[in-house]
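Q: all I have is the shape, not the residue letters:
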């Protein structure tokens with residue numbers, strides 16, 4: 001036996017108020033919210049060595065957070081010294097720390113003393129459940145695995161605090177521990193402490209399966225835990241990940257994209273033709289559902305160029321080529337009538353009001369303004385009349401009359417583009433036919449118009465810039 005005597009100045013202390021201690025610090029655990037007793041070690045031996053058998057004990061507490069020394073009494077009544085011991089009536093978290101008890105006595109008429117230290121740690125109350133429980137894998141959890149790679153199966157368990165501190169977590173495969181498996185080289189485990197909370201330990205054991213095989217999916221992988229109070233076992237459910245055929249998937253995706261792109265191009269180029277074919281096949285003829293006399297009433301400025309465009313182009317194509325009944329006031333009105341009454345009557349007996357917009361259209365007080373007002377009012381009342389704008393020449397925004405400015409958002413606009421619009425297969429006439437009433441034409445004519453069209457301009461609605 002060897003005895004080592006240390007100098008007083010060589011003893012390492014965390015704070016200046018700590019007394020010198022010659023032996024290792026004892027470790028005790030007190031449950032929270034419960035009463036406990038802290039005994040000072042070696043007090044009985046000191047009483048035997050004292051001349052008169054009298055011994056005194058003084059206590060000191062060093063808090064773990066700020067390392068402050070607090071001598072007895074400790075500022076509250078929850079801790080009281082009874083004899084040589086320190087009574088904890090209720091254990092709180094802030095009662096943790098190192099406690100020093102200094103024992104004083106007389107021997108051979110000399111005052112002697114020694115100090116012992118005890119580290120008090122708060123643990124979970126003893127009244128809580130102490131059985132171990134497996135947190136992961138959950139009962140409904142499924143691990144997705146893949147062949148040919150290393151698979152990691154984590155198992156996380158909670159071990160409540162017990163004085164013995166004995167606990168265990170392990171994996172079994174088909175009921176056997178890893179070291180007893182024929183191919184045990186492929187299996188290994190890694191343990192770690194995840195959380196420590198007042199004595200309650202959350203630990204994790206990860207089972208690593210190298211070069212995972214298809215037959216491993218059918219094996220039983222069980223995680224088990226155990227402490228002094230009981231045990232628990234949970235099986236890890238595996239599901240093999242199905243690898244997608246990348247080549248076939250890529251080819252199918254490519255073909256789908258090509259088809260979508262082709263359909264988009266076809267629709268973008270031939271959407272007017274497709275719409276006209278649909279209307280020709282499935283559209284209803286308005287002549288069978290109303291009592292209107294005319295299909296189109298044309299409103300235009302009575303100027304030389306606009307009037308020539310209406311009479312020689314619009315009227316001719318609409319009546320002769322497309323088969324619409326057209327009403328033109330200067331041509332169809334009878335002499336001796338009232339202009340206002342005749343105009344309102346013609347507009348009311350028409351299915352469409354076609355407004356030829358030009359810089360001189362709808363000046364204040366003109367007949368064009370009367371026709372426009374009558375058409376917009378009839379359209380606003382929810383009748384069968386619809387107003388169509390044909391831009392013959394560009395008109396600036398300030399050139400619009402008040403009636404057009406109010407209703408311009410809801411009106412369809414078709415632009416005349418000069419020589420480009422003269423052919424019957426041009427976008428102007430196709431766009432205009434979409435707005436006009438449905439007329440059944442032969443499939444051969446529709447097919448001829450669709451094949452003759454090479455480009456298609458987008459339909460335009462709204463304001464004239």
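A: Cool, the structure landed. Quantities reported herein were computed from a predicted structural model and do not represent experimental measurements. Numbers count the residues shown, from 1 in each chain.
Q: go ahead and flag the most central residue of this structure.
A: Of all residues in the chain, the one closest to the mean position by CA atoms, centre = their mean is residue 141, 22.7 Å from it.
Q: is it true that it touches residue 238?
A: No - applying CB atoms under 8 Å as the test, residue 141 and residue 238 come out as separate, 10.6 Å apart. Where you see a C-beta, it was placed from the backbone N, CA and C, and this is true even at glycine.
Q: now the residue nearest to the centre of the chain: phi and psi?
A: Backbone torsions for residue 141, taken as degrees, to the nearest 10, come to phi -80, psi 140.
Q: then residue 132?
A: Geometry field for residue 132 lists phi and psi as phi -70, psi 150, criterion degrees, to the nearest 10.
Q: from residue 225, how far out is it?
A: Computed with CB to CB, to the nearest Å, the distance linking residue 132 and residue 225 is 4 Å.
Q: which neighbours do the two share?
A: By CB atoms under 8 Å, 6 or more residues apart in numbering, residue 132 and residue 225 have these common neighbours: 157, 159, 167, 231, 232.
Q: hmm, residue 200 and the third one touching each other?
A: No - look at residue 167 against residue 200 with CB under 8 Å: they stay out of range, at 10.7 Å.
Q: let me see the ranges of the helices in the chain.
A: In chain order, the chain shows helices spanning 43-49, 246-282, 304-309, 315-316, 329-332, 339-348, 367-380, 402-407, 427-435, 443-452, with DSSP state H as the criterion.
Q: tell me the one of the shared contacts of residue 132 and residue 225 nearest residue 378?
A: residue 157 (81.0 Å; CB to CB).
Q: residues contacting the closest one?
A: Residue 157 sits next to 132, 133, 134, 135, 169, 202, 203, 204, 205, 223, 225, 232 when contact means CB under 8 Å, 6+ apart.
Q: burial of residue 318, as a residue count?
A: Number of residues near residue 318 (other CB atoms under 10 Å) recorded here: 21.
Q: show me the shaky parts of the stretch 201-350 of the chain.
A: Screening the stretch 201-350 of the chain residue by residue with the criterion pLDDT under 70, one finds the ranges 243-245.
Q: hmm, back to that, just the buried members of the contacts of residue 157?
A: For the contacts of residue 157, burial is judged from neighbour counts taken by 16 or more other CB atoms under 10 Å, and it is met by 132, 134, 169, 203, 204, 205, 223, 225, 232.
Q: let's have those residues in CSV, adding distance to residue 46.
A: Output for these, formatted as CSV (distance: CB to CB, whole Å):
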residue, distance to residue 46
132, 42
134, 49
169, 45
203, 42
204, 47
205, 48
223, 51
225, 45
232, 48
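Q: straight-line length of stretch 30-41, end to end?
A: 17 Å (CA to CA, to the nearest Å).
Q: so how far is that stretch from its chain's centroid?
A: Relative to the centre of its chain, stretch 30-41 is centred 51 Å away, using CA atoms, centre = their mean, to the nearest Å.
Q: what are the buried residues along it?
A: When burial is assessed from 16+ other CB under 10 Å, stretch 30-41 yields the following buried residues: 30, 31, 32, 36, 38, 39, 40.
Q: check stretch 220-234 too.
A: By 16+ other CB under 10 Å, the buried positions in stretch 220-234 come out as 221, 222, 223, 224, 225, 226, 227, 232, 234.
Q: which other residues reach that stretch?
A: The set of residues external to stretch 220-234 that reach it, using CB under 8 Å, 6+ apart, is 130-134, 137, 139, 153, 155, 157, 159-160, 162, 164, 166-175, 205, 207, 235-236, 238.
Q: who's residue 113 bridged to?
A: With DSSP bridges as the criterion, residue 113 is bridged to residue 104.
Q: wait, isn't it in contact with residue 101?
A: No - counting by CB under 8 Å, residue 113 does not reach residue 101; the two are 10.6 Å apart.
Q: between these two, who's got more neighbours?
A: A count of neighbours by other CB under 10 Å puts residue 101 above the other of residue 113 and residue 101, at 25 against 14.
Q: distance of the residue lying closest to the more buried one once chain neighbours are set aside relative to residue 182?
A: Spatial nearest neighbour of residue 101, chain neighbours left out: residue 40 (3.6 Å); criterion: CB to CB, 6 or more residues apart in numbering. When distance is defined by CB to CB, residue 40 is 58 Å away from residue 182.
Q: confidence score at the closest residue to residue 348 other than its chain neighbours?
A: Closest residue to residue 348 in three dimensions, ignoring its sequence neighbours and counting by CB to CB, 6+ apart: residue 378, at 6.8 Å. On pLDDT, residue 378 comes in at 81.
Q: which residues touch residue 378?
A: 347, 348, 353, 385.
Q: show me the two of those residues that sit farthest apart.
A: Checked with CB to CB, those reach their widest spread between 348 and 353, with 10.3 Å between them.
Q: what sits in contact with each of those two?
A: Taking CB under 8 Å, 6+ apart as the contact criterion, the common neighbours of residue 348 and residue 353 are 374, 378, 385.
Q: for the first one, give its distance to residue 387.
A: It stands for residue 374. Applying CB to CB, the value for residue 374 to residue 387 is 10 Å.
Q: and for these two, which residues touch both?
A: With contacts defined as CB under 8 Å, 6+ apart, the residues adjacent to both residue 374 and residue 387 are residue 353.
Q: give me the domain ranges for the chain.
A: Here the chain is described, according to automatic domain parsing, as comprising the domains 8-123, 133-240, 267-461.
Q: quick one: the first one to chain centroid distance?
A: So the one you mean is domain 8-123. Averaging C-alpha positions (CA atoms, centre = their mean) puts domain 8-123 57 Å from its chain's average.
Q: same deal with the longest one?
A: Put simply, domain 267-461 sits 50 Å off its chain's centre (CA atoms, centre = their mean).
Q: try the second one
A: For domain 133-240, the distance between its averaged C-alpha position and the chain's averaged C-alpha position is 33 Å (CA atoms, centre = their mean).
Q: from the shared contacts of residue 132 and residue 225, which single one is nearest residue 94?
A: Nearest to residue 94 out of those is residue 159 (CB to CB; 25.2 Å).
Q: show me what the nearest residue to residue 432 once chain neighbours are set aside is bridged to.
A: Beyond its immediate neighbours in the sequence, the residue positioned closest to residue 432 (CB to CB, 6+ apart) is residue 414, lying 5.2 Å away. Judged by DSSP bridges, the bridge partners of residue 414 are residue 390.
Q: tell me the pLDDT of residue 414.
A: 89.
Q: ok, it - contacts?
A: Residues counted as contacts of residue 414 (CB under 8 Å, 6+ apart) are 388, 389, 390, 391, 428, 431, 432, 435, 460.
Q: again, only this time at 6 Å
A: For residue 414, the set of contacting residues under the criterion of CB atoms under 6 Å, 6 or more residues apart in numbering consists of 390, 431, 432.
Q: can you give me the distance of the last one to residue 344?
A: As judged by CB to CB, residue 432 and residue 344 stand 25 Å apart.
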